[in-house]
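>>> Quick one: sequence and predicted model below, then my questions.
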Amino acid sequence: MNDLQTVVASAQAAFALAHTPADLENAKAQYLGKSGRITELMKGMAALPVDEKKTRGAAINQAKQAIEAALNACRQALADAQLQAQLQAEALDVTLPGRQRGQGGLHPVSLTLERIGAIFGSMGFDVAQGPEIESDWFNFTALNTPENHPARSMHDTFYVEGGTEHAPNLLRTHTSPMQIRYAVQHVKKYRAATQEGGQGTLFSGAMPEIRVIAPGRTYRVDSDATHSPMFHQCEGLWVGENVSFKDLKYVFTDFCRTFFENNELVLRFRPSFFPFTEPSAEIDIQFPSGPLAGRWLEVAGSGQVHPNVIRNMGLDPERYIGFAFGMGPDRLTMLRYGVNDLRLFFDGDIRFLSQFR
Ligand code: DAH
């Protein structure tokens, strides 16, 4: 190996040892810098005779080119290695599951309330909302509920501050107060339009029928697998001049069959008692097949609106007659989805609720 080959070999070895671009540039200076080996060799030519200078110069140039080639190869290798390291550090595993935002859905009882609203809406019923803190008048007195009725006792009802000593405010025990609230507004509107009857007199003029449902939360001091201190009801009211029990029967049968998507469903109107209706009936349903077949299941209370209640609506019971019903959407939800513990609806357990999404 001549001296030039030795220089090239040692430059290649020095470059190969460089692990960073800075090391490499230092190594480069030793060979290609101003006082590097190549420069030294060039200077050494000055002493040579002219004819040798030519061949020696060409050989040194070749050695220089070989060193530059080695330098560039090492620069490229270092840049490649750096890129690889960076890619590895910033590696993205595209097979990892994404971090998704949880998707919400309506509560099963809300789904039922929407469904009830849609079905009765299609039959021309308005949907009304009312206050959950109610006065004694709307919750009991206006609904013909006597002073000694058990629902009025302290251990059945949540009384709250406000009202008077003899008529305290309370959390409504049913949605029935909405019968009075809605009807009074309706009557007021048409009384003004017809200018018939002054304050305090009962309205016996013409008006469109009252057809309304009122879904919402209701409260009682009750708690077990089938009772919750907060539960839902949906009231229904239909008042007109020629409304009869057959209308109630037709509407409620149609509702149940549509709600449960079962045209074979049978209904039973079982005589009962409520202070605000006379006569009164509990409505039971029976499925012809499936896990609940053969059992009568109570779904609502109903009846012909008591004349005293019609009066408290501001209407003349000689002209107006009506039907009312009150059903339990929680119960309907349990029946529709096969849920056997009411408390599941109010525990807020996402594993239960997400099944209804
Ligand atoms: N309010 C009654 C209850 O909570 C249910 C009820 C029965 C409502 C008969 C009505 C009705 O409108 O006519 O038990």
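Received, thanks.
>>> so where is the stretch 51-200 of the chain shaky, pLDDT-wise?
Residues of the stretch 51-200 of the chain meeting the criterion pLDDT under 70: 197-199.
>>> closest point of it to the ligand, which residue?
Relative to the ligand, the nearest point of the stretch 51-200 of the chain is His174 (3.4 Å; C-beta to the nearest ligand atom). To be clear about C-beta, it is placed using only N, CA and C from the backbone, and glycine gets the same treatment.
>>> Contacts only, for that residue.
By C-beta atoms under 8 Å, 6 or more residues apart in numbering, the residues touching His174 are 139, 218, 233, 235, 326.
>>> The third one: what's its closest spatial neighbour, skipping adjacent residues?
I take that to be Gln233. Leaving aside its chain neighbours, Gln233 sits nearest to Thr175 (4.2 Å; criterion: C-beta to C-beta, 6 or more residues apart in numbering).
>>> The residue found closest to Arg220 once you drop the neighbours it is linked to in the chain: neighbouring residues, count only.
What sits nearest to Arg220 in space, not counting adjacent residues and going by C-beta to C-beta, 6+ apart, is Thr173, at 5.5 Å. Thr173: 21 surrounding residues under other C-beta atoms under 10 Å.
>>> Test for you: state the pLDDT assigned to Leu24.
pLDDT recorded at Leu24 is 89.
>>> I figured it hits Leu71, correct?
Yes. Leu24 is within contact range of Leu71, at 7.3 Å (criterion: C-beta atoms under 8 Å).
>>> where do the contact lists of these two overlap?
Phe15.
>>> Tell me if Gln88 really is in a helix.
Yes. According to DSSP: H, G, I helix; E, B strand; the rest coil, Gln88 belongs to a helix.
>>> and it, how many neighbours does it have?
With other C-beta under 10 Å as criterion, Gln88 counts 8.
>>> circling back to that earlier point, identify the residues contacting the residue nearest to Arg220.
139, 151, 156-157, 218-220.
>>> just those now: which is nearest Thr20?
Tyr219 (75.6 Å; C-beta to C-beta).
>>> which residues touch that closest one?
132, 157-158, 171-173, 229-231.
>>> Compute the distance from the centre of stretch 348-357 to the centre of its chain.
10 Å (C-alpha atoms, centre = their mean, to the nearest Å).
>>> what do you get for stretch 124-136?
Using C-alpha atoms, centre = their mean, the offset of stretch 124-136 from its chain centre is 24 Å.
>>> Go through the contacts of Thr173 and give me the one with the most neighbours.
So for the contacts of Thr173 (other C-beta under 10 Å), the most neighbours sit at Asn139, 25 neighbours.
>>> my read: that residue touches Thr175, true?
No. Using C-beta under 8 Å, Asn139 is not in contact with Thr175; the gap is 10.1 Å.
>>> And the strands in the stretch 101-250 of the chain?
126-127, 133-134, 159-163, 168-171, 210-219, 230-240 (DSSP state E, counting those that start in this stretch).
>>> averaged over its residues, what pLDDT does the fifth one have?
Right, strand 210-219. 98.
>>> Strand partners (parallel or antiparallel) of it?
Partner strands and pairing direction for strand 210-219 (DSSP bridges) are strand 126-127 (parallel), strand 230-240 (antiparallel).
>>> Could you pull out the buried residues of it?
210-216, 218-219 (16 or more other C-beta atoms under 10 Å).
>>> Those residues of this protein touching the ligand, which are they?
174, 176, 235, 274, 277, 280, 301-303, 324-326 (C-beta under 6 Å from any ligand atom).
>>> from the contacts of His174, which is closest to Phe245?
Gly326 (16.2 Å).
>>> Pull out the buried positions in the helix or strand hosting Gln5.
Using DSSP states H and E, the element containing Gln5 is helix 3-17. For helix 3-17, the neighbour count (16+ other C-beta under 10 Å) marks 4, 7-8, 11-12, 14-15 as buried.
>>> Likewise for stretch 15-24?
Those would be 15, 18, 24, for stretch 15-24 by 16+ other C-beta under 10 Å.
>>> Please apply the same query to stretch 180-190.
180-184, 186-187.
>>> how much distance is there from that stretch to the middle of the chain?
The answer for stretch 180-190 is 35 Å, by C-alpha atoms, centre = their mean.
>>> Now do it: everything it contacts.
126, 128, 130, 138, 142-143, 203, 205-208, 210, 212, 214, 237, 239, 309, 312-315.
>>> Also stretch 258-266?
115-116, 119, 253, 256-257, 285-289, 332, 335-336.
>>> repeat that for 7 Å
115, 119, 256-257, 285-288, 332, 336 (C-beta atoms under 7 Å, 6 or more residues apart in numbering).
>>> Between the two ends of that stretch, how far is it?
This stretch, stretch 258-266, spans 12 Å end to end (C-alpha to C-alpha, to the nearest Å).
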